[in-house]
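Novice: Quick one, structure for this:
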Amino acid sequence: MPLPFLVKGLLIGFSIAAPVGPIGVLCIRRSATEGPRVGFATGLGAATADAVYGAVAAFGLTSISGFLVNQRFWLQVAGGFFLVYLGIQSWRKRLQTQAEAPGAERLSGAYASTFFLTLTNPATILSFVAVFAGFGLANASGYSAPGLIVAGVFLGSASWWLILSQGVGLFSHRLGPGWMLGINRVSGCVLIAFGLAALVLALKR
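Specialist: Model prediction:
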């Protein structure tokens, strides 16, 4: 039955995206200080990477998943340094009025940053494998069922980021420049902390 696969994919994508982590912090900060379109582009980058890892798990691409898991140390180090860089960038970010329409370069940059960050966590593949097994999707055969699962994962993840970015964007109109600057500074510290934690965990492996 095609519909259950799509619905289950939606539930998986939404549940994996919803917990607040570094991507969530980035989405909230960018939605509040740069507008909901930039925040949603940030979330779409993560949703795309979730779909990529979901496809690796759904189609049983064990050679790819094994290679990425084996390279976990270097990917985690790269992601950790990138998070530290984004945290410093957030701390030093100048305030922008949301009346300024974000250009294609800013939107693509927001998308690419979270796409890269999500891909630097190949353990996500193992999470997808475990969740797929729990939902009874591990033995899905052919191409249509895994394809619907992956499409559902993307749509579910994108739905969460749309809700989050639009919700923060609506609320942020009530905040003054001082609050906006505070959001930049606090989110910068949080991102740096996430980055340093990733580096410490990588070195302990």
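
Novice: Look up how far residue 76 lies from the residue nearest the centre of the chain.
Specialist: Nearest to the mean C-alpha position of the chain, counting by C-alpha atoms, centre = their mean, stands residue 46 at 3.0 Å. For residue 46, the distance to residue 76 (C-beta to C-beta, to the nearest Å) stands at 17 Å. No exception for glycine: its C-beta is placed from N, CA and C like everyone else's.

Novice: do residue 192 as well
Specialist: Taken as C-beta to C-beta, the span from residue 192 to residue 76 is 16 Å.

Novice: same thing with residue 24?
Specialist: From residue 24 to residue 76 the distance is 19 Å (C-beta to C-beta).

Novice: what residue ranges in this protein score low on pLDDT?
Specialist: The chain contains residues with pLDDT under 70 at 1-3, 60-63, 65-66, 69, 94-102, 132-142, 175-177, 179, 205.

Novice: how about the helices in it?
Specialist: Using DSSP state H, the helices assigned to the chain run over residues 2-17, 22-34, 36-58, 62-70, 72-91, 104-119, 123-134, 144-172, 177-204.

Novice: The second one packs against which elements?
Specialist: When you say that, I think you mean helix 22-34. Counting contacts by 3 or more C-beta pairs under 8 Å, 6 or more residues apart in numbering; DSSP states H and E, helix 22-34 is packed against helix 36-58, helix 72-91, helix 104-119, helix 144-172, helix 177-204.

Novice: got those as JSON lines, with distance to residue 17 columns?
Specialist: As requested, the helices and strands packed on helix 22-34 are exported to JSON lines (distance: least, C-beta to C-beta, whole Å):
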{"stretch": "helix 36-58", "distance to residue 17": "7"}
{"stretch": "helix 72-91", "distance to residue 17": "17"}
{"stretch": "helix 104-119", "distance to residue 17": "10"}
{"stretch": "helix 144-172", "distance to residue 17": "4"}
{"stretch": "helix 177-204", "distance to residue 17": "16"}
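
Novice: out of those helices, nearest to residue 129?
Specialist: helix 36-58 (4.9 Å; C-beta to C-beta).

Novice: what about dumping the CA coordinates of that closest one to CSV?
Specialist: Extracted C-alpha coordinates of helix 36-58, given in CSV (Å, rounded to 0.1, in the frame of the first residue of the first chain):
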residue,chain,number,x,y,z
PRO,A,36,11.6,33.4,8.0
ARG,A,37,12.7,32.8,4.4
VAL,A,38,16.3,32.5,5.4
GLY,A,39,15.3,30.3,8.4
PHE,A,40,13.3,28.0,6.1
ALA,A,41,16.2,27.8,3.6
THR,A,42,18.3,26.8,6.6
GLY,A,43,15.9,24.0,7.5
LEU,A,44,15.6,22.8,3.9
GLY,A,45,19.3,22.2,3.8
ALA,A,46,18.9,19.8,6.7
ALA,A,47,15.8,18.2,5.2
THR,A,48,17.7,17.5,2.0
ALA,A,49,20.6,15.9,3.9
ASP,A,50,18.0,13.8,5.9
ALA,A,51,16.5,12.6,2.6
VAL,A,52,20.0,11.7,1.3
TYR,A,53,20.8,9.6,4.4
GLY,A,54,17.2,8.2,4.4
ALA,A,55,17.8,7.1,0.9
VAL,A,56,21.0,5.4,1.8
ALA,A,57,19.2,3.5,4.6
ALA,A,58,16.0,2.8,2.6
